[in-house]
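Enquirer: sequence first, predicted model second:
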Amino acid sequence: MKEITVTIHDGENRRELRLESGTSLLRLVNQDPSYGQMTVAAKVNGRLVELGQKLYRPVEVGFVTTRDPIGYEIYKRSLILLMVRAYHEAFPELRVRVLYSLGQGFFCTVHDTEGRVVEPERAELKKVKAVMHRLVDEKIPIEKKVLKTAEAVKLFRERGMDQKAELFRYRRASRVNLYSLDGYEDYFYGYMLPSTEGLSRFNLIQFDDGFILVVPRRNSLELGRVHGAQESLYTALREAEDWGNQLGLSGVGQLNTEICKGHLNDLILIQEAIMEKQIADIAEKIHGQNKKLVLIAGPSSSGKTTFSNRLSIQLRAHGLNPHPIAMDNFFKERVDTPKDENGKYDFESIDAMDLKLFNETMERLLQGEEVKMPRFDFTLGEKKFDGRTLKLNPDDVLVVEGIHALNPASTYALPADSSYKIYISALMQLNLDEHNRISTSDTRLLRRIVRDARTRGNDASRTIAMWESVRRGEERNIFPYQGEADALFNSALIYELSAIKIYAEPLLFMVPPESEEYYEAKRLLKFLDYFLGIDPSMIPANSLLREFIGGGCFEI
């Protein structure tokens with residue numbers, strides 16, 4: 001038997017193995033989750049592959065675990081397949097839909113053959129869990145198979161997966177990869193584990209009219225005690241879902257059909273009108289409650305700047321005079337800025353903010369004093385006082401935007417009854433289909449790639465490379481405080497990915513194959529391929545999307 005030399009990269013360590021040609025990667029890994037992580041995929045000569053791949057020539061191999069963002073997604077995707085397969089066995093007359101991420105898991109609903117929601121009983125979920133555990137114990141292979149696209153569409157129709165069938169009406173490729181688990185075949189966007197082995201850590205719990213598929217935490221593969229989410233966040237997600245359902249748009253295939261039918265202009269106008277009404281409602285509450293300080297926070301690329309501008313217009317319509325203030329002007333001097341574990345300045349830490357000056361300034365303004373306002377010079381790394389002052393009149397309102405705006409520590413000296421807090425995030429109404437959700441993070445990343453290239457000259461590689469650090473900062477500084485908000489604003493636009501596609505694809509194609517960001521760029525390109533592109537000239541000048549693609553009426 002022919003032998004080959006395989007070089008294994010394990011962190012900074014390298015070791016060489018002599019293996020028989022045709023050896024599967026799966027033979028080289030341990031899939032026991034008790035170590036707090038699992039090996040779920042590999043990179044062979046820098047290219048991401050599934051563990052079922054066999055090696056026939058000398059290569060360099062690095063393994064991907066559940067602690068890697070890509071690996072964690074593979075684990076969660078495989079867990080969804082396991083759950084859907086188990087539901088199909090336990091209750092073949094019912095259909096499961098995976099709607100969105102919620103708390104430490106995914107919110108799912110159950111439907112009958114007519115599409116009506118059927119609220120699951122506890123005994124029903126217990127039965128499904130038992131099937132899932134049996135499939136895990138049996139270590140059943142998850143096999144990839146190739147079907148002609150037309151055959152896959154027929155299969156989806158027979159299984160009642162109308163969203164999948166509609167999605168693949170617009171697929172250019174003549175063939176499609178399906179995954180098969182113990183005779184159950186389904187399509188999933190992205191790679192899978194080679195088998196059910198190791199998928200033992202999950203839970204199914206009742207929630208509202210559906211249930212949550214609880215997934216383990218990324219860095220430990222342990223199940224947390226809290227599985228739900230803030231009530232305001234869940235309400236916003238359900239409102240977005242209900243609105244999409246009313247328009248008959250819950251899957252990307254349905255959006256593509258509306259574009260083909262020439263209904264896009266009406267869809268854009270309806271969406272923008274709904275968004276404007278929501279902003280007007282928030283402005284009315286601020287006016288009615290006589291709030292003098294509006295605090296706005298949200299994760300990266302959620303559209304905070306455009307939202308602040310549109311809110312200011314609505315406040316003016318109520319007779320108020322808003323004054324926008326960026327918390328970034330209250331950074332500490334560079335010499336006093338804390339550093340992270342790598343010795344780099346940590347500008348996202350709340351300790352990077354001059355909270356003493358911020359609170360003193362806001363307090364004096366609320367008391368009616370005239371105050372000198374700082375401007376932070378990011379080149380020099382210090383605050384400047386260039387003579388600009390501010391004094392509030394009776395109808396004036398401060399509109400403060402910053403990543404720490406909802407953190408109570410940021411406003412420790414200010415009266416709570418004077419402020420109105422707003423959390424903004426892009427909670428996409430659409431999913432690809434019944435079992436493939438659209439990640440809020442992916443939507444925001446694509447927004448940022450396009451904006452960074454337009455306004456900062458950053459290429460897609462640089463934006464992708466820093467995204468994981470941005471996400472860590474959000475987990476630490478933003479998400480924990482969303483429950484402090486008086487209002488939650490959803491900035492997602494149901495048509496936006498069809499518009500962003502035109503701008504993002506050329507940027508993603510420029511990521512070189514040898515780059516560490518190549519796989520992520522390739523994944524995003526495949527994701528955008530599901531959407532039909534639209535003419536961006538149809539998008540209004542005041543649309544929140546203009547903050548990212550340009551051509552808007554606000555100075556950003």
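Expert: Happy to help now that I have it.
Enquirer: residue ranges of the helices in the chain, please?
Expert: 69-90, 122-137, 149-158, 162-168, 231-246, 252-260, 264-288, 304-317, 355-366, 440-455, 460-477, 496-509, 518-528, 546-549 (DSSP state H).
Enquirer: tell me the buried residues in the third one?
Expert: When neighbours are counted by 16 or more other Cβ atoms under 10 Å, the buried residues of helix 149-158 are found to be 152-153, 155-156. Every C-beta, even on glycine, is put in place using the N, C-alpha and C of the backbone.
Enquirer: hang on, residue 241 packs against residue 250?
Expert: Yes - Residue 241 is in contact with residue 250 according to Cβ atoms under 8 Å; the separation is 7.3 Å.
Enquirer: the two: which is more packed in?
Expert: residue 250 (22 against 19; other Cβ atoms under 10 Å).
Enquirer: out of the helices of the chain, nearest to residue 24?
Expert: helix 69-90 (16.7 Å; Cβ to Cβ).
Enquirer: relative to helix 440-455, how tilted is that closest one?
Expert: Angle of helix 69-90 versus helix 440-455, following axes from the mean of the first three to the mean of the last three Cα atoms, to 10 degrees, is 150 degrees.
Enquirer: in helix 69-90, what's buried?
Expert: If you call a residue buried by 16+ other Cβ under 10 Å, then helix 69-90 has these buried ones: 70-90.
Enquirer: do the same with stretch 514-522
Expert: 515, 517-522.
Enquirer: run through who's touching that stretch.
Expert: Contacts of stretch 514-522 with the rest of the structure, by Cβ atoms under 8 Å, 6 or more residues apart in numbering, involve 46-48, 70, 460-461, 464-465, 508-509, 511-512.
Enquirer: farthest pair in these?
Expert: Taking Cβ to Cβ as the measure, those reach their widest spread between 70 and 509, a distance of 20.0 Å.
Enquirer: coming back round to it: of the contacts of stretch 514-522, which is the most crowded?
Expert: residue 460 (26 neighbours).
Enquirer: with distance to residue 348 added, can I get the helices of the chain in TSV?
Expert: Output for the helices of the chain, formatted as TSV (distance: least, Cβ to Cβ, whole Å):
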stretch	distance to residue 348
helix 69-90	18
helix 122-137	39
helix 149-158	43
helix 162-168	37
helix 231-246	21
helix 252-260	33
helix 264-288	26
helix 304-317	15
helix 355-366	15
helix 440-455	15
helix 460-477	4
helix 496-509	24
helix 518-528	21
helix 546-549	20
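Enquirer: first-to-last residue distance for stretch 89-109?
Expert: 17 Å (Cα to Cα, to the nearest Å).
Enquirer: now do it, average pLDDT.
Expert: The average pLDDT within stretch 89-109 is 93.
Enquirer: please point out which parts of stretch 38-45 sit buried.
Expert: So, applying 16+ other Cβ under 10 Å, buried residues of stretch 38-45: 38-44.
Enquirer: actually, stretch 321-340.
Expert: Residues of stretch 321-340 classed as buried by neighbour count (16+ other Cβ under 10 Å): 322-325, 327, 329-332, 337.
Enquirer: can you check stretch 451-468 too?
Expert: If you call a residue buried by 16+ other Cβ under 10 Å, then stretch 451-468 has these buried ones: 451-453, 458-464, 467.
Enquirer: can you check stretch 127-142 too?
Expert: Residues of stretch 127-142 classed as buried by neighbour count (16+ other Cβ under 10 Å): 127-129, 131-133, 135-136, 140-142.
Enquirer: next one: that stretch to chain centre, how far?
Expert: Between the centre of stretch 127-142 and the centre of its host chain there is 29 Å, according to Cα atoms, centre = their mean, to the nearest Å.
Enquirer: before we move on, back to that, between the helices of the chain, which one is nearest to residue 103?
Expert: Going through those one by one, with Cβ to Cβ as the measure, helix 231-246 comes closest at 8.8 Å.
Enquirer: show me what that closest one is packed up against.
Expert: Counting by 3 or more Cβ pairs under 8 Å, 6 or more residues apart in numbering; DSSP states H and E, the packing neighbours recorded for helix 231-246 are strand 95-101, strand 487-490.
Enquirer: in TSV, list these along with mean neighbour count.
Expert: Written out in TSV, the entries for those read as follows (neighbours: other Cβ atoms under 10 Å):
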stretch	mean neighbour count
strand 95-101	21
strand 487-490	23
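Enquirer: out of these, nearest to residue 15?
Expert: Between residue 15 and these, the tightest spacing by Cβ to Cβ is seen for strand 95-101, at 37.7 Å.
Enquirer: so what are the sheet partners of the closest one and their directions?
Expert: Within its sheet, and counting by DSSP bridges, strand 95-101 is paired with strand 105-111 (antiparallel).
Enquirer: got the angle between the partner strand and helix 231-246?
Expert: Computed by the same axes, to 10 degrees, the angle between strand 105-111 and helix 231-246 is 40 degrees.
Enquirer: quick one: strand 105-111 to chain centroid distance?
Expert: Distance of strand 105-111 from the chain centroid (Cα atoms, centre = their mean) equals 18 Å.
Enquirer: residues touching stretch 455-471, excluding its own?
Expert: The set of residues external to stretch 455-471 that reach it, using Cβ under 8 Å, 6+ apart, is 69, 300, 441, 445, 448-449, 452-453, 504, 507-508, 510-512, 515-517, 520-521, 556.
Enquirer: swap in 6 Å and give it another go.
Expert: By Cβ atoms under 6 Å, 6 or more residues apart in numbering, the surrounding residues in contact with stretch 455-471 are 300, 445, 448-449, 452, 507-508, 511, 515, 517, 520-521.
Enquirer: next: stretch 166-174.
Expert: By Cβ under 6 Å, 6+ apart, the residues outside stretch 166-174 that reach it are 149, 152-153, 252-254, 256, 433.
Enquirer: so can I have TSV of the residues you listed showing pLDDT and distance to residue 500?
Expert: Listed next are the contacts of stretch 166-174 as TSV, based on pLDDT from 0 to 100; distance: Cβ to Cβ, whole Å:
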residue	pLDDT	distance to residue 500
149	93	25
152	93	27
153	93	27
252	96	13
253	95	18
254	94	19
256	96	15
433	95	20
